[in-house]
Each structure stands twice: as structure tokens, then as C-alpha cells.
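Participant: Need the 3D shape of this:
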Amino acid sequence: MAAVNEKELAALSKRVGKNLSKHRFEHCLRVSDYAVKLAKQNGVDVNQAAVAGLVHDYAKEVSKKDFLKKIDKSGLNPDLKNWGNAVWHGVVGAEFIKDDLGIDDPAILQAVRLHTTGGTHKEMTGLDKVVFMADYLEEGRDFPGVEEARQITDKSLDQGVFYQLAHTLSFLAGKEKVIYPKTFEAYNDWAMYLKD
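Facilitator: Predicted structure coming up:
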């Protein structure tokens, strides 16, 4: 992706803000900032991190009806229809970002797709991991363990990804929620990868 200057980022920010509630938009701004921080620490393209962080939740407030239409129109796996917004706003959200905002950088779109589900260690690029963790750790987050997660991630982005996957699975299982298969696959892969 060509470098994005401040003026272009500000214009994109306005477009994203028009599609989101104030609360959601402020979260996106914080994720963008945290993604830039993590990108600098981990040798990841700062421009891509800023843009991906900004747009990662662009489709978070899209209606179920519009998600279902987009799944059909984009030729995505029909099984996606069995899941909800928690999965859709990333996996399907990338299609809205491409169509509505004209962002076609495959790296940014993949980071958006994976920010809700995670991916295997071979699948996730540095940018994917940065956005995945920035969404979890941005400065507005205040959950038990967030400081520990930040410290772990500052030392090792990979360990941070595994921490998030483990704690997300534990949280969802504790609430007896259905867990997206890709997230299980990602957890098992990272557990095997990091145990050596």
C-alpha cells in the first residue's frame, strides 16, 4: 500500500466516523493509535497499521440483513450465515471496507478479517497480529488481565496473540457460548507452535 499522509488519513477517518456511533468510532481511533505503537515495536508497516486499526470495526454496526446480503453478493462461504456480528464484522466487514471505502490492500483486508477470529501462526502476518492485539489492548480497554496482556504483548507479539486466544476461549466457554471453529483452530495451532 502506498504511504498514507495525515490529510488522507484524516479524510478516511471522517468517512469511517460517519458510519459509526461516537463510542465505536472513538474505539477505532484508539485501536489505530495502539496498532501504530505495536507496529513500530515489531517492524510492521505503520501506515497499514494505522489504516487497518481505523477501519477494523467499520462494519460493526451493519444490520443483520445487510450482512446476509453481502455474504451472498461477495460469494463468501454460506456457512457464515450461521454466525453473528461478532464474526461477521471482521470476516464479512472486509467486503464492506473494500466496496464502501475503496480499500483494496490485501494485507489490510486480511487484518480486518482476522481481527475477530484470529488465525494460525503461519496465516497471521505481523500486521494481522498487530491489529488483533491493538483491538484487544487499546487504551479504553479495562478488563481483568488487560495490564498483564499489555506487558506480555510488549515482550512478544506472538505470546500476546496466544494470551488473547486462550482468554477469549475461556471467557466464551465460561458463558457457554458457541465458539467459531477458526478460533479453536487458531488456539490449538498457537499452543502447539509456542510449546516448543
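
Participant: quick one: what helix or strand has His167 in it?
Facilitator: His167 belongs to helix 157-174 when elements are defined using DSSP states H and E.

Participant: any idea of the mean pLDDT for that helix?
Facilitator: Mean per-residue pLDDT for helix 157-174: 96.

Participant: In this structure, where is pLDDT below threshold?
Facilitator: Within the chain, the stretches with pLDDT under 70 are 1-3, 196.

Participant: Which helix runs longest in it?
Facilitator: For the chain, the longest helix by residue count, based on DSSP state H, is helix 22-42.

Participant: quick one: contacts of that one?
Facilitator: For helix 22-42, contacts defined as CB atoms under 8 Å, 6 or more residues apart in numbering pick out 13, 16-17, 20, 44-46, 48-58, 60-61, 126-127, 129-131, 133-135, 137-140, 153-154, 157. Every C-beta, even on glycine, is put in place using the N, C-alpha and C of the backbone.

Participant: mind running it again at 6 Å?
Facilitator: Here helix 22-42 makes contact (CB atoms under 6 Å, 6 or more residues apart in numbering) with 17, 46, 49-50, 53-54, 56-57, 60, 126, 130-131, 134-135, 137-140, 157.

Participant: Counting neighbours, which of those residues end up buried?
Facilitator: 17, 46, 49-50, 53-54, 56-57, 60, 126, 130-131, 134-135, 137-138, 157 (16 or more other CB atoms under 10 Å).

Participant: Give me the subset of the residues you listed lying in strands.
Facilitator: Members of the buried ones among the contacts of helix 22-42 lying in strands (criterion: DSSP state E): none.

Participant: all helices of this structure, in order?
Facilitator: 6-18, 22-42, 46-55, 64-73, 85-91, 93-101, 106-114, 126-137, 146-155, 157-174, 181-195.

Participant: Only the buried residues of stretch 154-163, if you could.
Facilitator: Neighbour-count burial for stretch 154-163 flags 157-158, 160-163 (criterion: 16+ other CB under 10 Å).

Participant: make that stretch 69-83, sorry
Facilitator: Buried-residue list, stretch 69-83, by 16+ other CB under 10 Å: 70-71, 76, 80, 83.

Participant: how about the longest helix of the chain: buried residues?
Facilitator: Residues 25, 27-39, 42 are the ones in helix 22-42 that count as buried (16+ other CB under 10 Å).

Participant: cool, stretch 186-193 as well?
Facilitator: 186-187, 189-190.
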